[in-house]
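Enquirer: Quick one, structure for this:
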Amino acid sequence: MFMKTESIAEPKTRTSSDRQRGYFDRSEPTRQPSEGAVLKFADKIAVLMIKGTISVRDGARVREEMCLTLMKQFGIDRSRAQRLIDLAKENIHFRCYGRYKRNPVEMKLLIAQAAGTVGDVSAN
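Expert: Sure, this is the predicted structure:
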């Protein structure tokens with residue numbers, strides 16, 4: 001693999017709301033990831049992809065290894081891992097050029113697919 005095995009996920013820290021309801025209390029329904037959280041996660045993936053590309057110099061290999069790493073660490077399917085990588089590439093484009101390559105509707109769809117909140121779009 002092109003890089004040391006790094007954990008992409010960050011540990012959960014306690015907040016004041018956690019103290020009020022109990023840190024391990026799971027009585028509230030599970031929330032879907034917000035757009036901001038997915039974009040921050042994609043930023044972390046982008047950083048790892050840039051580091052990997054610098055060391056390996058083969059973008060296709062870095063993308064494939066990152067996809068396998070995401071699938072293994074988070075138990076997600078290949079298509080969702082690919083969407084996270086596409087979102088990371090969009091974040092890189094945004095940092096370089098100040099705008100996304102895709103239009104706002106495509107970005108919303110990509111974020112929803114990366115978060116796993118959208119099923120088959122053609123069924124709608």
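
Enquirer: Tell me which residues are up against the helix ranked longest in the chain.
Expert: Secondary structure of the chain read by DSSP state H shows that its longest helix is helix 35-56. With contact meaning CB atoms under 8 Å, 6 or more residues apart in numbering, helix 35-56 is reached by 2-3, 6, 8, 59, 62-63, 65-66, 70, 84-85, 87-92, 95, 111, 114-115. All C-beta atoms are positioned from the backbone trio N, CA, C, and that covers glycine.

Enquirer: List the buried residues of the next helix or strand after it.
Expert: Sequence-wise, the next helix or strand downstream of helix 35-56 (DSSP states H and E) is helix 59-74. Of the residues in helix 59-74, 62-63, 65-67, 69-70 count as buried by neighbour count, 16 or more other CB atoms under 10 Å.

Enquirer: How about stretch 90-98?
Expert: For stretch 90-98, the neighbour count (16+ other CB under 10 Å) marks 90-92, 94 as buried.

Enquirer: Likewise for stretch 40-60?
Expert: 41-43, 45-46, 48-49, 52.

Enquirer: from those, which two are the most distant?
Expert: Using CB to CB, the buried residues of stretch 40-60 span at most 16.7 Å, a distance reached by 41 and 52.

Enquirer: Report the residue spans of this structure with pLDDT below the cut-off.
Expert: Within the chain, the ranges that satisfy pLDDT under 70 run 1-33, 119-124.

Enquirer: Quickly note the distance from residue 89 to residue 75.
Expert: To residue 75, residue 89 is 23 Å away according to CB to CB, to the nearest Å.

Enquirer: neighbour count winner among those two?
Expert: Taking neighbours as other CB atoms under 10 Å, residue 89 and residue 75 compare with residue 89 leading, 17 against 7.

Enquirer: And what about residue 101, helix, strand or coil?
Expert: coil (DSSP: H, G, I helix; E, B strand; the rest coil).

Enquirer: Run a quick neighbour tally on it.
Expert: 13.
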